[in-house]
Each structure stands twice: as C-alpha cells, then as structure tokens.
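J.: Please work out how this folds:
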Amino acid sequence: MLGLERLFLRRGRLMVLGVPWFWLLLFFAVPFFILLRISVTDMGEQLNPFAPLVDVQAGHFSLRLKFSHYVSLFLDPDSGWGQTLYIESYLLSLRYAFFTTCLCLFFGYPFAYFLARSPSNIRPLLLLLVMLPFWTSFLLRVYAWKGLLADAGLINNLMLAVGLIDEPLQLLYNDVSMLVGMTYVYLPFMVLPLYANLVKLDLRLLEAAQDLGATPWKTFWLITVPMSRAGIVAGSILVFIPCLGEFVIPSLLGGAENIMIGRVVWDEMFSSNNWPRASALSIVLILGVVIPLAWFNQRLARKVEEESR
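T.: Below is the predicted model of the structure:
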C-alpha cells in the first residue's frame, strides 16, 4: 500500500513538473532553435531561409554555415567594431526599456499600495479598473495616444485653451511619446505583482515600527519597500523584457530616430527579406536577456539559501 502511494506521488510530481517543462520546450526551445538554424543559413540566389545546412556531393558531406550575419551585427566595414545600426538599436531599446521600467515603478508602486490598503469591499472593483484596458485592442489603445499627443490633439488644444502655451508643443514622434505610450501600456504589468506582494504584508510589522518611534516615511523605506522586493523584481522583469522587443509603439508613436530593435528585425525580415540576419538579431536579443536573468536567479537563490541557514 505504501509503495502504491509513493508511485502515485512520483507520477503526480512528474505530471506537475512536466507541464511547465513541456510549455518551455514547445514555446521557447523549439522557436529558439528554429531561429538559430535560420541565422546560420546561406540562402543563396534562391533566397531560401530554410536552405539545407549539409551539402552532399559525391559522397562527401560539407556544412554550409554562414556566420557573417552575426559578424555584421557588430562590425561595420566603414566605421569598425561596435559602430553599426544594430548596436545603436540595441542600446536605444535598452534605454527605453530601462526608463519605462523606472516610470512604471514610480507610478505603479503608489497605485499598488493604494490597492492593497483599500477596503476589501471595493478592492475587486479597483483591480477590475486596472485590468480594464486589456479588454480593448492593444493597437487601438496605442493609436488613441497618437490623437492625444498630435499637434492638433486634445492635450495641445487644452493647453492652448487655458493659455499655458502659445503654440502647439511637439509631443509626438519623440522620446516623450515613446515613454508615455510604453508606460501606459505596461503599467498594469508592474501594478499587479506589486499588489500581490503588498496585500500580504503583515501590518503588525508597521505597527511595531511605529511603536518603536519610527516615522511613517522611515517605516515605509525600512519595512514596506524591503518586504515588497519580490514584487518589485517581478514587475520590473515583466515590464523590461517586453519593452526590449517592442514593435507597435515605436512604429506608431516613435519618429525616424526612435528605431528600436523590434522595428529593425521587422525591416530585415519583411523589407530586406534577410531572414538570417533578422534571426541573428533575435538570437542575440534572447541571449542578452536569458543569460543575465539566469545569473540573477542563481545569485538570488544562493542569497535566499544563505539567509535561511
């Protein structure tokens, strides 16, 4: 009987662990290796991104791998190493992702704190308002900001009407429109993890700090913020990673100088018909995200293990 229970527990454990592993295999590993295969393909004159990688002639096998697509990402024949459009796009994407994450944290933390401390009877309604934008099309929501930020848009007309400005401000196709659009779209991804963490905060710790003479501001920085560190990390990851590969917002709200890596991948694949280079761009972007995340998770797990001893 005991052996049967162990067998069921073992099978149950395998099924529970197998679902996420199957998900990662199907939706991450398989597409990744397809991109990796295309990135080293020599398309030849037929421009076939799935051209054979192995050439068989007279019984001899030879590999037809082309790594020049990776070299071209970092080397410009005229400017030298690191002076390419692709490096500039990577750096620009990192900059926008970083500032968007900071803005989402700046606006999302007070909002999540307000949600966590709101009365329990209205909390579901407030959560519904946070998730309400997801009920409409992502494209329509971004396009609406184009009308709000235009020279003849609602914001400029309102400021002209109240006399704050004498002529319309350039709010569209620049850094302002990019950061506003990306912060608006990804703010819920910051609010929800923070709320899930703050709502479980033990209020007795705050009361104990106040009894010991700590000011509300000191209590917030020494207790609330450290206790919500997991929510900050989760929200930052959920915002930062999709911002890196964002395509729609730069296309609608960004100008000619705001070319992020998602737009470059699109142009290489569909305008230039250079699938291997587009795949190489994607591979570098994926590795640039996965490797630091794996290092961070390993370091965090080691720190948690040391604290638990």
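
J.: all contacts plus neighbour counts: C-alpha atoms, from now on.
T.: OK.

J.: Just give me the neighbour total for residue 291.
T.: Using other C-alpha atoms under 10 Å, residue 291 has 11 other residues around it.

J.: What is the neighbour count of residue 280?
T.: Here the count is done by other C-alpha under 10 Å, and residue 280 has 25 residues near it.

J.: what does residue 43 give?
T.: Residue neighbour count, defined by other C-alpha under 10 Å, stands at 19 for residue 43.

J.: again, but for residue 62
T.: Applying other C-alpha under 10 Å, we find 11 residues neighbouring residue 62.

J.: ok, and the closest non-adjacent residue to it?
T.: Sequence neighbours aside, residue 55 is the residue nearest to residue 62 in space, at 5.1 Å (criterion: C-alpha to C-alpha, 6 or more residues apart in numbering).

J.: SS state for the one you found?
T.: In three-state terms, and counting by DSSP: H, G, I helix; E, B strand; the rest coil, residue 55 is strand.

J.: Any stretches of the stretch 1-150 of the chain with poor pLDDT?
T.: Counting by pLDDT under 70, the stretch 1-150 of the chain contains low-confidence residues at 1-12, 57-59.

J.: distance of residue 226 from residue 201?
T.: Between residue 226 and residue 201 the distance is 11 Å, computed by C-alpha to C-alpha, to the nearest Å.

J.: Of the two, which one has the most company?
T.: Neighbour totals were compared for residue 226 and residue 201, and residue 201 leads with 16 against 12 (other C-alpha under 10 Å).

J.: tally of neighbours for the nearest residue to the more buried one once chain neighbours are set aside?
T.: Closest residue to residue 201 apart from its sequence neighbours, by C-alpha to C-alpha, 6+ apart: residue 227 at 7.3 Å. Counted with other C-alpha under 10 Å, residues neighbouring residue 227 total 17.

J.: circling back to that earlier point, now do the contacts for the residue nearest to residue 62.
T.: With contacts taken as C-alpha atoms under 8 Å, 6 or more residues apart in numbering, residue 55 has the following neighbours: 61, 62, 63, 64.

J.: can you pull the contacts of the last one?
T.: What that stands for is residue 64. 41, 42, 52, 53, 54, 55.

J.: And for residue 50, the neighbour number?
T.: Residue 50 has 15 neighbouring residues, counting by other C-alpha under 10 Å.

J.: That one reaches residue 39, doesn't it?
T.: No - in this structure, residue 50 is not within contact of residue 39 by C-alpha atoms under 8 Å, at 9.9 Å.

J.: if I look at those two, which residues touch both of them?
T.: Residues within reach of residue 50 and of residue 39 at once, by C-alpha under 8 Å, 6+ apart: there are none.

J.: Strands of this protein, start to end?
T.: Applying DSSP state E to the chain gives strands spanning 54-57, 60-63, 75-76, 80-81.

J.: Dump the ones you listed into a markdown table; add distance to residue 219 as well.
T.: Below are these laid out as a markdown table (distance: least, C-alpha to C-alpha, whole Å):
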| stretch | distance to residue 219 |
| --- | --- |
| strand 54-57 | 65 |
| strand 60-63 | 64 |
| strand 75-76 | 51 |
| strand 80-81 | 50 |
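
J.: Nearest to residue 69, out of the ones you listed?
T.: When those are ranked by proximity to residue 69, the top entry is strand 75-76, at 10.1 Å, counting by C-alpha to C-alpha.

J.: can you list contacts of the closest one?
T.: Contacts of strand 75-76 from elsewhere in the structure, counted by C-alpha under 8 Å, 6+ apart, are 81, 82, 83, 84.

J.: What does the third one show for phi and psi?
T.: Right, residue 83. Comment: the main-chain dihedrals of residue 83 come out as phi -110, psi 50, following degrees, to the nearest 10.

J.: Would you map the helices across the stretch 1-150 of the chain?
T.: Secondary structure of the stretch 1-150 of the chain by DSSP state H, counting those that start in this stretch: the helices cover 2-24, 30-39, 68-74, 85-117, 123-131, 138-149.

J.: The fourth one packs against which elements?
T.: Just to be clear, that refers to helix 85-117. Counting contacts by 3 or more C-alpha pairs under 8 Å, 6 or more residues apart in numbering; DSSP states H and E, helix 85-117 packs against helix 68-74, helix 123-131, helix 175-198, helix 229-244, helix 261-266.

J.: circling back: pick the most deeply packed of the strands of the chain.
T.: Per residue and on average, the most neighbours among the strands of the chain fall to strand 75-76, with a mean of 16 (mean count of other C-alpha atoms under 10 Å).

J.: Relative to the whole chain's centre, how far out is it?
T.: Relative to the mean C-alpha coordinate of its chain, strand 75-76 is positioned 28 Å out (C-alpha atoms, centre = their mean, to the nearest Å).
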